[in-house]
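>>> sequence and predicted structure below; questions after.
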Amino acid sequence: MPWRKRLLVLAVAALVAAPLALAVARLRAGAPLEAAALVAVFAALALALLHAFWPAFDLAGLTLRRGPRGARLVALTFDDGPSDDTPAVLDALDRARVPATFFVLGQAAERRPELVREIARRGHAVAIHGHTHARLVLAGPGRVARELDRCREAIRSAGVEPAPWFRAPHGWKGPFLARALRRRGLALVAWTRGVWDTERPGADVIAARASARPRDGEILLLHDGCATPGIDPRRDQTAAAIPEIARRWREAGFSFAGLDDLAASGRRPHPGDDSRLPAAAGGEGRGEGGALRRSRALRIAGVLFAVACVWLAVRHVDLRATWASLSHAHPGLFALAMAANLASLAFHAARWRAVVEAPGVRAPFRDALAAVLGGYAAGLVLPARGSDLLRAHLLARRAGLSTATVIAASALDYVVGTGAMVLAALAIVPFVTFPPWATRGLAIIGGAAAAAGVVLWLVRPRHGTPHRPAGPIARLRAGLASVHHPRALLAALLWGFAGWIAEATIALASLAALGLPPTVTSAALAVVAASAAAAIQLAPGNAGSFELATALAITGTGAPPDTALAFAVAFHAAHLVPVAVLGGAVLLRDALTPARA
């Protein structure tokens with residue numbers, strides 16, 4: 001990643017962390033309304049930053065992010081041309097029989113109108129990339145309109161009608177861009193894979209980056225020109241890599257398509273239609289449009305569930321006393337709780353990594369940790385178990401595995417982790433007295449884990465992991481290969497024990513920070529209650545159910561309800577704050593980093 005991108009990641013992480021720190025300070029000062037306002041500012045800032053700097057994240061819903069799942073299609077796109085190397089790129093595309101979309105700059109089109117005509121003559125789409133390659137994230141409405149209109153006019157002056165697609169320079173979007181695009185009937189186009197051919201790493205590396213681990217509906221970003229000062233403008237390596245890119249994708253069973261065909265295959269309306277969402281699928285609940293509606297309904301249900309849990313938790317609580325408890329929380333002990341959560345996440349990643357196994361592939365620990373952080377950070381906005389699916393996808397992409405394989409391994413990881421929790425609870429039974437509800441809960445959780453373990457044992461692959469599992473069922477079963485390896489299961493179990501010790505440390509530090517007795521019994525009850533709430537997670541971030549379960553558990557130990565609720569909030573915050581900051585940085589870094597070769 002170039003140094004300027006790394007600097008951007010650090011700056012965004014600092015901007016996201018600042019409102020949280022201020023909110024904690026105002027909360028300790030006894031100003032809960034100001035703290036709530038700062039949290040709202042934090043959420044709005046996070047959404048605004050994601051919208052501005054993550055090309056595929058679009059609050060306006062105008063972005064073509066990728067093609068549909070299940071369609072073995074891939075689209076090639078080229079930015080920043082035309083240039084002296086555009087003819088070589090066109091010749092390579094002709095030899096490879098690949099259609100492409102060229103996002104041209106207005107200034108370059110004015111200099112080389114004959115190349116704009118040649119792109120269209122050879123059957124490729126000519127789309128808009130702005131006139132001067134200006135970053136539009138801070139551009140006013142007049143500047144945005146000029147960039148779009150001057151580029152479109154330059155293409156038309158060359159004798160070509162531009163396609164109704166626009167790619168923002170660097171993928172950065174400003175607040176005035178969506179309205180300007182709607183008024184002109186244009187749709188944004190993001191990408192799934194930035195190849196970073198501008199680094200000139202060599203044709204072989206460019207081809208490897210562009211074709212490693214192919215997935216359905218990908219949009220590849222390459223360049224046939226240069227619009228960034230200080231970068232070598234030559235694109236001969238890109239042209240030389242095109243035949244190998246085409247060969248590898250076709251060998252993997254994919255066909256090349258233009259953006260119109262890629263969008264149409266997902267039953268998306270044409271960008272010129274009156275539909276508000278040119279990048280969303282149509283149909284009565286079918287395809288991606290139906291999935292979006294179902295996802296929205298699930299989010300609404302999750303929010304309502306969280307509200308109901310919060311109401312149950314606070315209906316017999318003095319909220320002023322709760323705020324008072326939070327405002328007087330010991331900052332050093334709360335920092336210790338967050339540090340223990342980082343250790344817990346590291347142990348979780350190590351436990352998960354121990355059961356992820358494939359021939360010739362071993363997931364690096366840093367990749368597993370990054371996937372855990374990124375998945376949990378996304379879980380702050382995703383309902384139900386969406387974070388589990390995302391973290392599996394993140395690790396699969398980094399380690400070169402099938403997502404289905406990693407999902408199955410994650411199921412095994414949950415069984416091992418739950419077993420470790422039950423065994424750890426049994427180990428402390430001689431020293432603590434659990435209430436009946438906790439004993440029954442542990443029995444139910446242990447029975448469910450045992451039943452799930454039997455199911456996974458029955459569906460495991462019979463002879464280890466096949467070299468190239470064919471079909472979704474085979475890929476899922478391949479994720480259970482660690483069942484054949486007792487050492488892997490033992491390592492996962494030991495990491496699970498370490499993780500639960502860290503979780504208990506979070507609870508002990510949170511109890512002490514709120515002035516509650518930091519007993520092993522209270523910590524164990526809080527951990528069991530939080531785990532039970534996580535098992536039925538519905539609301540984003542497990543909000544509501546987490547607080548309700550842990551507050552009830554601590555109330556059962558004799559703590560006042562208002563202080564128990566304060567503990568539940570602090571206990572949850574100790575989990576969420578590190579994940580929000582570090583996991584958000586991981587997601588942003590992944591959005592700015594090219595796919596690994």
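Great, that's in hand.

>>> so G159 sits in a helix?
No. Judged by DSSP: H, G, I helix; E, B strand; the rest coil, G159 forms no part of a helix; its state is coil.

>>> so it sits against R117, correct?
Yes. G159 lies in contact with R117 (Cβ atoms under 8 Å); the separation is 5.4 Å. All C-beta spots, glycine's among them, are computed from the backbone N, C-alpha and C.

>>> what about the residue of the chain positioned farthest from its centre, is that helix, strand or coil?
Centroid-distance maximum for the chain: P430 at 42.9 Å, with Cα atoms, centre = their mean. Using three-state DSSP, the structure places P430 in coil.

>>> before we move on, the earlier item: looking at G159 and R117, which one has more neighbours?
Shown here are G159 and R117; by other Cβ atoms under 10 Å, R117 has more neighbours (17 against 12).

>>> list the contacts of the one helix or strand the more buried one maps to.
With secondary structure defined by DSSP states H and E, R117 is part of helix 113-121. Helix 113-121 is contacted from outside by 81-82, 86-87, 90, 102, 104, 109, 126, 154-155, 157-160, using Cβ atoms under 8 Å, 6 or more residues apart in numbering.

>>> can you do 10 Å?
78, 81-84, 86-87, 89-90, 93, 100-102, 104, 108-110, 112, 124-126, 154-163, 224-225 (Cβ atoms under 10 Å, 6 or more residues apart in numbering).

>>> got a quick PyMOL command for the buried subset of those?
Selection of the buried residues among those in PyMOL, burial being defined by 16 or more other Cβ atoms under 10 Å:
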select buried, resi 78+81+82+83+86+87+89+90+93+100+101+102+104+108+109+110+112+124+125+126+154+155+158+160+162+163+224+225
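
>>> now intersect the contacts of helix 113-121 with the strands, please.
78, 81, 100-102, 104, 125-126 (DSSP state E).

>>> what's the most distant pair in these?
Farthest pair in the ones in strands among the contacts of helix 113-121 (Cβ to Cβ) is G81 and A125. Separation: 12.8 Å.

>>> any shared contact partners between those two?
What both G81 and A125 touch, as defined by Cβ under 10 Å, 6+ apart, is the set 102-103, 119.

>>> can you list these in CSV and add distance to G194?
Output for the shared contacts of G81 and A125, formatted as CSV (distance: Cβ to Cβ, whole Å):
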residue, distance to G194
F102, 17
F103, 13
I119, 21
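
>>> ok, the residues you listed vs A377, which is closest?
Ranked by distance to A377 (Cβ to Cβ), the shared contacts of G81 and A125 are led by F103 at 30.7 Å.

>>> for A566, which non-adjacent residue is spatially closest?
S325 (3.6 Å; Cβ to Cβ, 6 or more residues apart in numbering).

>>> now the one you found: which helix or strand?
helix 319-327.

>>> so after that helix, what's the next helix or strand?
helix 331-355.

>>> buried set for that following helix?
333-334, 336-355.

>>> try stretch 211-225
211, 213-225.

>>> ok, stretch 551-566 next?
551-555, 557, 559-566.

>>> between the shared contacts of G81 and A125, which is nearest L50?
F103 (22.4 Å).

>>> what number of residues lie near the closest one?
28.

>>> per-residue pLDDT, it?
With respect to pLDDT, F103 scores 97.

>>> surely it is in contact with R167?
Yes. In this structure F103 lies within contact range of R167 using Cβ atoms under 10 Å: 4.5 Å.

>>> and the helices in the stretch 101-250 of the chain?
All helices of the stretch 101-250 of the chain, identified by DSSP state H, counting those that start in this stretch, fall at 106-111, 113-121, 141-157, 177-184, 203-211, 236-251.

>>> tell me which other helices or strands the first one touches.
For helix 106-111, the packing partners by 3 or more Cβ pairs under 10 Å, 6 or more residues apart in numbering; DSSP states H and E come out as strand 73-81, helix 113-121, strand 125-128, helix 141-157.

>>> try 6 Å
helix 141-157 (3 or more Cβ pairs under 6 Å, 6 or more residues apart in numbering; DSSP states H and E).

>>> got the contact list for the helix it packs on?
Outside helix 141-157, the residues that touch it by Cβ atoms under 6 Å, 6 or more residues apart in numbering are 106, 109-110, 126, 128, 130-131, 134, 136, 162, 176-177, 180.

>>> let's see 7 Å
Helix 141-157 is contacted from outside by 104-106, 109-110, 113, 116, 126, 128-132, 134, 136, 162, 166, 174, 176-177, 180, 184, using Cβ atoms under 7 Å, 6 or more residues apart in numbering.

>>> buried stuff in that helix?
143-148, 150-152, 154-155.

>>> tell me the one of the residues you listed nearest G583?
The closest of the buried residues of helix 141-157, once distances to G583 are taken by Cβ to Cβ, is V144, at 31.8 Å.

>>> return the distance of the closest one relative to A227.
Using Cβ to Cβ, to the nearest Å, V144 is found at 17 Å from A227.

>>> and for P331?
48 Å.

>>> over to T519?
T519 sits 63 Å away from A227, going by Cβ to Cβ.

>>> between these two, who's got more neighbours?
More neighbours surround A227 than the other of T519 and A227, with 22 against 14 (other Cβ under 10 Å).
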